[in-house]
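Novice: Mind looking at a prediction? Sequence and model below.
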Amino acid sequence: LEGIWDLHKAGYLHRDIKPANFAIGLPPNYRQTYILDFGMARKYLKNDGRHRRPRETTKFRGTPFYASAVALQQREQGRRDDIWAWFFMTVEFTVGKLPWAETFYRGATLREKMKDMAEDRQFYVNNGEQLLTGCPKQFVLIYQHISKLQYSDAPDYEAIIKAIKDK
(Lines give C-alpha, C1' and ligand atoms only; values in the text may rest on other atoms or scores of the structure.)
Protein backbone atom coordinates (compact mmCIF):
# COMPACT_ATOMS: atom_id res chain seq x y z
CA LEU A 1 0.00 0.00 0.00
CA GLU A 2 2.83 2.39 0.80
CA GLY A 3 4.22 1.92 -2.72
CA ILE A 4 0.83 2.75 -4.23
CA TRP A 5 0.66 5.80 -1.96
CA ASP A 6 4.10 6.91 -3.21
CA LEU A 7 2.98 6.47 -6.82
CA HIS A 8 -0.14 8.53 -6.11
CA LYS A 9 1.95 11.24 -4.41
CA ALA A 10 3.98 11.44 -7.63
CA GLY A 11 0.71 12.13 -9.49
CA TYR A 12 0.23 8.73 -11.16
CA LEU A 13 -2.33 5.93 -11.06
CA HIS A 14 -1.13 2.37 -11.66
CA ARG A 15 -4.44 1.04 -13.08
CA ASP A 16 -3.32 -2.62 -13.04
CA ILE A 17 -2.87 -3.58 -9.41
CA LYS A 18 -2.66 -7.39 -9.16
CA PRO A 19 -0.37 -9.94 -7.48
CA ALA A 20 1.73 -10.46 -10.63
CA ASN A 21 2.71 -6.79 -10.51
CA PHE A 22 4.42 -7.04 -7.13
CA ALA A 23 7.74 -8.59 -6.15
CA ILE A 24 9.43 -9.20 -2.81
CA GLY A 25 13.04 -8.12 -2.37
CA LEU A 26 15.96 -10.47 -1.88
CA PRO A 27 17.92 -10.50 1.40
CA PRO A 28 18.65 -8.19 3.04
CA ASN A 29 15.62 -6.43 1.48
CA TYR A 30 13.24 -9.38 1.91
CA ARG A 31 10.69 -7.16 3.68
CA GLN A 32 10.59 -4.72 0.78
CA THR A 33 7.76 -4.98 -1.75
CA TYR A 34 8.25 -3.61 -5.25
CA ILE A 35 5.55 -2.53 -7.69
CA LEU A 36 6.12 -3.63 -11.28
CA ASP A 37 4.68 -2.95 -14.74
CA PHE A 38 3.74 0.67 -15.20
CA GLY A 39 2.48 0.12 -18.74
CA MET A 40 -1.09 1.10 -17.79
CA ALA A 41 -0.06 4.00 -15.53
CA ARG A 42 -1.59 7.42 -16.15
CA LYS A 43 -0.90 10.84 -14.72
CA TYR A 44 -3.97 11.98 -12.78
CA LEU A 45 -2.62 15.36 -11.72
CA LYS A 46 -2.08 18.31 -14.02
CA ASN A 47 1.29 20.06 -13.99
CA ASP A 48 -0.15 22.66 -11.58
CA GLY A 49 -1.05 19.88 -9.11
CA ARG A 50 -4.80 20.00 -9.70
CA HIS A 51 -6.76 16.82 -10.36
CA ARG A 52 -7.58 16.12 -14.00
CA ARG A 53 -11.24 16.17 -14.92
CA PRO A 54 -12.60 12.70 -15.67
CA ARG A 55 -12.89 11.91 -19.36
CA GLU A 56 -16.41 11.11 -20.56
CA THR A 57 -15.33 7.91 -22.29
CA THR A 58 -12.39 5.65 -21.57
CA LYS A 59 -11.22 2.20 -22.58
CA PHE A 60 -10.77 -0.45 -19.95
CA ARG A 61 -7.29 -0.59 -18.44
CA GLY A 62 -6.25 -3.26 -15.99
CA THR A 63 -6.94 -6.88 -15.12
CA PRO A 64 -10.68 -7.61 -14.90
CA PHE A 65 -10.34 -10.01 -11.95
CA TYR A 66 -8.97 -7.28 -9.65
CA ALA A 67 -10.54 -4.22 -11.27
CA SER A 68 -13.01 -1.94 -9.54
CA ALA A 69 -16.59 -1.66 -10.77
CA VAL A 70 -15.74 1.82 -12.08
CA ALA A 71 -12.87 0.45 -14.18
CA LEU A 72 -15.06 -2.38 -15.50
CA GLN A 73 -17.72 0.20 -16.45
CA GLN A 74 -15.00 1.87 -18.54
CA ARG A 75 -15.25 5.08 -16.54
CA GLU A 76 -12.29 7.24 -15.57
CA GLN A 77 -10.24 5.65 -12.80
CA GLY A 78 -8.99 7.55 -9.78
CA ARG A 79 -6.86 6.72 -6.76
CA ARG A 80 -9.81 4.92 -5.19
CA ASP A 81 -9.77 2.39 -8.05
CA ASP A 82 -6.12 1.48 -7.40
CA ILE A 83 -7.07 1.10 -3.74
CA TRP A 84 -10.08 -1.12 -4.58
CA ALA A 85 -7.81 -3.37 -6.68
CA TRP A 86 -5.26 -3.49 -3.84
CA PHE A 87 -8.05 -4.31 -1.37
CA PHE A 88 -9.44 -7.11 -3.57
CA MET A 89 -5.92 -8.53 -3.82
CA THR A 90 -5.49 -8.27 -0.03
CA VAL A 91 -8.83 -10.01 0.58
CA GLU A 92 -7.75 -12.79 -1.79
CA PHE A 93 -4.41 -13.20 0.04
CA THR A 94 -6.25 -13.32 3.36
CA VAL A 95 -9.07 -15.79 2.65
CA GLY A 96 -7.70 -17.64 -0.38
CA LYS A 97 -10.08 -16.45 -3.08
CA LEU A 98 -12.44 -13.66 -4.04
CA PRO A 99 -16.20 -14.28 -4.12
CA TRP A 100 -16.28 -14.00 -7.93
CA ALA A 101 -13.36 -16.41 -8.47
CA GLU A 102 -15.54 -19.21 -9.80
CA THR A 103 -18.03 -17.07 -11.70
CA PHE A 104 -18.28 -17.72 -15.41
CA TYR A 105 -19.45 -14.67 -17.33
CA ARG A 106 -21.54 -15.85 -20.25
CA GLY A 107 -21.80 -12.65 -22.28
CA ALA A 108 -21.57 -13.24 -26.01
CA THR A 109 -19.34 -10.22 -26.49
CA LEU A 110 -16.53 -8.75 -24.43
CA ARG A 111 -18.72 -5.68 -23.80
CA GLU A 112 -21.48 -7.91 -22.34
CA LYS A 113 -18.99 -9.80 -20.16
CA MET A 114 -17.51 -6.53 -18.88
CA LYS A 115 -21.02 -5.27 -18.07
CA ASP A 116 -21.77 -8.49 -16.15
CA MET A 117 -18.44 -8.28 -14.29
CA ALA A 118 -19.11 -4.63 -13.39
CA GLU A 119 -22.56 -5.49 -12.01
CA ASP A 120 -21.11 -8.41 -10.05
CA ARG A 121 -18.28 -6.28 -8.64
CA GLN A 122 -20.74 -3.53 -7.69
CA PHE A 123 -22.84 -6.12 -5.84
CA TYR A 124 -19.88 -7.03 -3.63
CA VAL A 125 -18.91 -3.38 -3.17
CA ASN A 126 -22.48 -2.73 -1.97
CA ASN A 127 -22.56 -5.90 0.17
CA GLY A 128 -19.35 -5.82 2.15
CA GLU A 129 -20.32 -8.64 4.48
CA GLN A 130 -20.24 -11.03 1.52
CA LEU A 131 -16.96 -9.65 0.20
CA LEU A 132 -15.36 -9.81 3.65
CA THR A 133 -16.44 -13.30 4.73
CA GLY A 134 -13.49 -14.78 6.62
CA CYS A 135 -11.55 -11.50 6.81
CA PRO A 136 -10.26 -9.88 10.01
CA LYS A 137 -12.54 -7.25 11.54
CA GLN A 138 -10.13 -4.44 10.58
CA PHE A 139 -11.03 -5.03 6.94
CA VAL A 140 -14.50 -3.63 7.65
CA LEU A 141 -12.96 -0.23 8.47
CA ILE A 142 -10.91 -0.29 5.26
CA TYR A 143 -13.96 -1.35 3.24
CA GLN A 144 -16.09 1.44 4.75
CA HIS A 145 -13.43 4.03 3.96
CA ILE A 146 -12.88 2.95 0.35
CA SER A 147 -16.65 2.72 -0.24
CA LYS A 148 -17.05 6.44 0.51
CA LEU A 149 -14.36 7.63 -1.90
CA GLN A 150 -15.32 9.59 -4.99
CA TYR A 151 -13.29 10.01 -8.19
CA SER A 152 -10.95 12.78 -7.03
CA ASP A 153 -10.87 11.93 -3.31
CA ALA A 154 -7.54 11.09 -1.72
CA PRO A 155 -7.66 7.83 0.23
CA ASP A 156 -6.60 8.06 3.87
CA TYR A 157 -3.58 5.80 3.41
CA GLU A 158 -2.43 6.30 7.00
CA ALA A 159 -5.81 5.16 8.37
CA ILE A 160 -5.76 2.09 6.12
CA ILE A 161 -2.22 1.19 7.22
CA LYS A 162 -3.22 1.72 10.87
CA ALA A 163 -6.26 -0.54 10.42
CA ILE A 164 -4.05 -3.28 8.98
CA LYS A 165 -1.58 -3.05 11.85
CA ASP A 166 -4.26 -2.98 14.59
CA LYS A 167 -5.19 -6.30 16.07
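Specialist: Looks like it arrived, so ask away.

Novice: Which parts of the protein are helices?
Specialist: 2-9, 69-72, 79-95, 110-126, 128-131, 138-148, 157-165 (DSSP state H).

Novice: Point out where the chain drops to low pLDDT.
Specialist: 167 (pLDDT under 70).

Novice: ok, now with 50
Specialist: Across the chain, nothing is flagged by pLDDT under 50.

Novice: Quick check: residue 58 vs residue 101, distance?
Specialist: Distance of residue 58 to residue 101, given as C-beta to C-beta, to the nearest Å: 26 Å. All C-beta spots, glycine's among them, are computed from the backbone N, C-alpha and C.

Novice: between these two, who's got more neighbours?
Specialist: residue 58 (15 against 9; other C-beta atoms under 10 Å).

Novice: Show the contacting residues for that one.
Specialist: 74-77 (C-beta atoms under 8 Å, 6 or more residues apart in numbering).

Novice: One more pass at 10 Å, please.
Specialist: 42, 70-71, 73-77 (C-beta atoms under 10 Å, 6 or more residues apart in numbering).

Novice: Kindly report the same for residue 34.
Specialist: Residue 34 sits next to 3, 21-25 when contact means C-beta under 10 Å, 6+ apart.

Novice: what's the residue lying farthest from the centre of the chain in contact with, if anything?
Specialist: Farthest-out residue of the chain from its mean C-alpha position, per C-alpha atoms, centre = their mean: residue 28, at 29.0 Å. Residues counted as contacts of residue 28 (C-beta under 10 Å, 6+ apart): none.
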